[in-house]
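In: Sequence first, then the predicted structure:
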There are 2 protein chains.
Amino acid sequence: MIKQIDACLERLIATCEEPSLRDAMHYAALGAGKRIRPRLFLAACEAMCGGYDEAALQFACCLEMIHAYSLVHDDLPAMDNDDLRRGRPTVHKQFDEATAILAGDALLSHAFEIMARVCACAESVQQDYAQTMLIIARAAGANGMIAGQVRDLASEGKQLDMDTLEQIHRRKTGALFAAALEAGATLGGNTHTQEMRKLGYTLGLAFQIRDDILDVTSTAEALGKNPGSDINNQKSTYVSLAGLETAQEMYKNISADVLALVDSIPAKTLTLRDLITQVLTRDK
Amino acid sequence: MIKQIDACLERLIATCEEPSLRDAMHYAALGAGKRIRPRLFLAACEAMCGGYDEAALQFACCLEMIHAYSLVHDDLPAMDNDDLRRGRPTVHKQFDEATAILAGDALLSHAFEIMARVCACAESVQQDYAQTMLIIARAAGANGMIAGQVRDLASEGKQLDMDTLEQIHRRKTGALFAAALEAGATLGGNTHTQEMRKLGYTLGLAFQIRDDILDVTSTAEALGKNPGSDINNQKSTYVSLAGLETAQEMYKNISADVLALVDSIPAKTLTLRDLITQVLTRDK
C-alpha cells in the first residue's frame, strides 16, 4: 500500500511545473514518513467496499500532502523552529524560509486542486466525492488542525491541565486522523462513518501520547527528529503533566480502547486492524 | 455589491471558532481592499444569467480569502518583507509572524472548506459547482499564483526581459483574475468561459502595469502601502524595464484591448464593463 501511495504522490507532485517548487514539495512529501493518514484512509475505504480505486488513491495522497504542508509550516523558525524531520534537515534548512512557506502553501493548494479535479471530472456525478473532500477540508481548516497549532503555540511556557492538552491534540493530530477514517468510509460506501470518526480521534490521541513518551525515551537517530524538542519549546506533554509511568499506563488503556473500537465496527477491518496495530506499536 | 461581499466575508470568517485566529483572518480579509476579484466573479456570473445567488456570493468570497492569504504570506519577512498594506500594518506587524503564517493558511483552507461545502450540500447535484471550484483551485495552485511568487522572488536583483516579466505576472496576478471571470461565467451558465479567461489575463496584465506605474508616481498615503517597494526589493517592473513613458503608453494600449475584449462577449456585460473601467482608472 505504501508503494502505491508513494508512486501516486510522485505522479501528482510531478505535475507541478516550477522546478524549485516541485523539488521542495517532493522533499517535504516523500521523505521517510510512515504515510499513516493515507493508509488509514485507504484501509477504511477497503473495509467498507473491499478495495480502492484511483480516485481513492488520489484522495489518500491529498491527506498526506496536507499533513506534509502542516509539518513544513510548523517547523518554521517563527513556529516550532525545528531543524530535523524524518531524519533530514527540515525544508527551510534544506532550501530556505521563503521556499518552505511557498512549498507548504503549494502542497495545501495542490491537494485541494486534485480533490476538486476528482469531483469535477467524475464521469457520473458523485456527491460522495464532494462529501469526502469536505470532511478532509474541515479537518485541515480553521476549526481543525490549524486551530490546534494556534493553541499549541499559545500554550508554550504555560502549565496546561490534562483536558486543555487533550483539546489541543484533538485538533492538531486527532482531526486529520479522524478525517482519514471518516472520509475513507464515506468514499467506500458511506456507512459507519461516525464510528470511524470516533476511532480516528481515539487513535490520534493514542498517537500523541506515544509521541510524548518517545520524545523522552528515544534518540534522534531512531526518531528522525530531535527528541526533547517539546521540553525545549516549554510545551506541556502527557509525560510532563502526568509523569512517564502514568503516561505509559494511559497509553496502555487507550490502545485497548482503540482496538475495541475497531473490533466493534461490522466491516472487513482486517487490513485496518493490522495497520492500527502497527501505529500503536511504533517506536519512531 | 461590495457591501454584500463584505457582509458575506464577515459571516464566513465568523465561523472560525478560535478568537486570535479569527481576528487575524478578519484583519487580513476585511481591510480597505477593492474586492476586485470577487466583484469580477459576480459580474461575470451576472453577465451570463442576470444575477447571482448565495452560492455564487460564497464562491466570490473564497476568491477574496485566497487573495488575502497570498498578500499575508507575500508580505512576510522571508518574502517581500512589507510593513504596510491597505493603509495599515501588515498582519505579521500587527500580530506576529506565527499568527500571519497560520492566518494565511487558515484563509486558504477556509476558502476550500467553504467551496467543498457548497459542492457537498447542493440540493441537486451540481457539476458546475465542482468545475467552478476547480478553476479557482488551479489558479491559486502550484502552477498558478504560487509559481508566480516563486519566480518573482527568484528574479530579485536580476534584470529580466519583458517576456519573462509578463510570464511572472501572468501567474502571480493574471491567474486569479482570469479564474474569477472564467469561474463566474462557468457558474452563471457555462458559456463564453474561454473569452472571459482571456479577458481576465489581459486585465491582470493591465492591472500590473498600472501597479508598477503607481509604485513610482504615487504616495504611501494614496496607495495604502509603501511606494518604491519594488525598487527596494530590486525587482524588475514595467517602468524599470521600459521607462515610465513607454509603460504609460503600453498601459493605454492594453486598456483599449481589455475594453475591446469585454465588448466582444455577447452577454449582458454592463456591470462588468463598469467594474473593469473602475479597475483600469484606479489611482491606488
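Out: Yep, it's here.
In: which residues does residue A:210 contact?
Out: A:251, A:280, A:282 (Cβ atoms under 8 Å, 6 or more residues apart in numbering or on different chains). Every residue, glycine included, has its C-beta placed from N, CA and C.
In: in what helix or strand does it lie?
Out: Element membership for residue A:210 (DSSP states H and E) is helix A:193-217.
In: Next, the buried residues of that helix.
Out: A:193, A:195-215 (16 or more other Cβ atoms under 10 Å in any protein chain shown).
In: Buried among the contacts of residue A:210? Make that a PyMOL selection.
Out: To isolate the buried ones among those in PyMOL, judged by 16+ other Cβ under 10 Å, type:
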select buried, chain A and resi 251+280
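In: between the contacts of residue A:210, which is nearest residue A:274?
Out: Nearest to residue A:274, judged by Cβ to Cβ, of the contacts of residue A:210 is residue A:280 at 10.9 Å.
In: That closest one touches residue A:206, doesn't it?
Out: Yes. Here residue A:280 reaches residue A:206: they are 6.3 Å apart, a contact under Cβ atoms under 8 Å.
In: Pull up the overlap in contacts between these two.
Out: Common contact partners of residue A:280 and residue A:206 (Cβ under 8 Å, 6+ apart): A:255, A:258.
In: before we move on, the earlier item: and the helix holding residue A:210, what's its mean pLDDT?
Out: For helix A:193-217, mean pLDDT is 94.
In: Can you give the distance of it from its chain's centre?
Out: 11 Å (Cα atoms, centre = their mean, to the nearest Å).
In: and if you look at stretch A:130-138?
Out: Relative to its chain's centre, stretch A:130-138 lies at 15 Å (Cα atoms, centre = their mean).
In: May I have that stretch as CSV, with CA atoms only?
Out: Once non-C-alpha atoms are left out, stretch A:130-138 reads as follows in CSV (Å, rounded to 0.1, in the frame of the first residue of the first chain):
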residue,chain,number,x,y,z
ALA,A,130,-17.7,16.2,-2.6
GLN,A,131,-18.5,14.9,0.8
THR,A,132,-15.1,13.2,1.1
MET,A,133,-13.4,16.4,0.2
LEU,A,134,-15.5,18.4,2.7
ILE,A,135,-14.5,16.0,5.6
ILE,A,136,-10.8,16.4,4.7
ALA,A,137,-11.2,20.2,4.3
ARG,A,138,-12.9,20.7,7.6
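In: is any part of it close to chain B?
Out: Yes. Using Cβ under 8 Å from any Cβ of the partner chain, stretch A:130-138 reaches chain B at A:130-131, A:133-134, A:137-138.
In: wait, which of the residues you listed is closest to residue A:71?
Out: Nearest to residue A:71, judged by Cβ to Cβ, of these is residue A:137 at 18.5 Å.
In: and the closest one, how many neighbours?
Out: With neighbours defined by other Cβ atoms under 10 Å in any protein chain shown, the count for residue A:137 comes to 27.
In: gap between it and residue B:137?
Out: Using Cβ to Cβ, to the nearest Å, residue A:137 is found at 11 Å from residue B:137.
In: Now the common contact residues for those two.
Out: A:112, B:112.
In: hang on, residue A:190 in a strand?
Out: No. Counting by DSSP: H, G, I helix; E, B strand; the rest coil, one finds residue A:190 to be coil, located in no strand.
In: these two touch, right, it and residue A:128?
Out: Yes. Between residue A:190 and residue A:128 a contact is recorded at 6.1 Å, counting by Cβ under 8 Å.
In: higher neighbour count, the two?
Out: residue A:128 (17 against 14).
In: For the more buried one, give its distance to residue A:42.
Out: 15 Å.
In: Check residue A:267 too.
Out: 14 Å.
In: same deal with residue A:190?
Out: Residue A:190 is 16 Å from residue A:42, where distance means Cβ to Cβ.
In: Over to residue A:118?
Out: Distance from residue A:118 to residue A:42, counting by Cβ to Cβ: 15 Å.
In: Please apply the same query to residue A:257.
Out: Separation of residue A:257 from residue A:42 (Cβ to Cβ): 23 Å.
In: Let me see the backbone angles for residue A:84.
Out: For residue A:84, the backbone dihedrals (degrees, to the nearest 10) come out as phi -130, psi 130.
In: ok, how many other residues are close to it?
Out: Neighbours around residue A:84, by other Cβ under 10 Å: 17.
In: which residues touch residue A:138?
Out: Counting by Cβ under 8 Å, 6+ apart, residue A:138 has contacts A:144, A:175, A:179, B:113, B:116.
In: List every C-alpha atom in stretch A:83-98, with coordinates, as PDB.
Out: Extracted in PDB, the C-alpha atoms of stretch A:83-98 (Å, rounded to 0.1, in the frame of the first residue of the first chain):
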ATOM      1  CA  ASP A  83      15.900  21.700  12.200                       C
ATOM      2  CA  LEU A  84      15.400  17.900  11.800                       C
ATOM      3  CA  ARG A  85      12.500  16.000  10.500                       C
ATOM      4  CA  ARG A  86      12.200  12.400   9.200                       C
ATOM      5  CA  GLY A  87      16.000  12.100   9.600                       C
ATOM      6  CA  ARG A  88      16.800  15.000   7.300                       C
ATOM      7  CA  PRO A  89      17.100  18.800   7.600                       C
ATOM      8  CA  THR A  90      13.700  20.500   7.700                       C
ATOM      9  CA  VAL A  91      12.600  22.200   4.400                       C
ATOM     10  CA  HIS A  92      13.600  25.700   5.500                       C
ATOM     11  CA  LYS A  93      17.100  24.300   6.400                       C
ATOM     12  CA  GLN A  94      17.500  22.300   3.200                       C
ATOM     13  CA  PHE A  95      16.200  25.100   1.000                       C
ATOM     14  CA  ASP A  96      15.300  28.500   2.600                       C
ATOM     15  CA  GLU A  97      12.500  30.000   4.600                       C
ATOM     16  CA  ALA A  98      10.600  31.600   1.600                       C
END
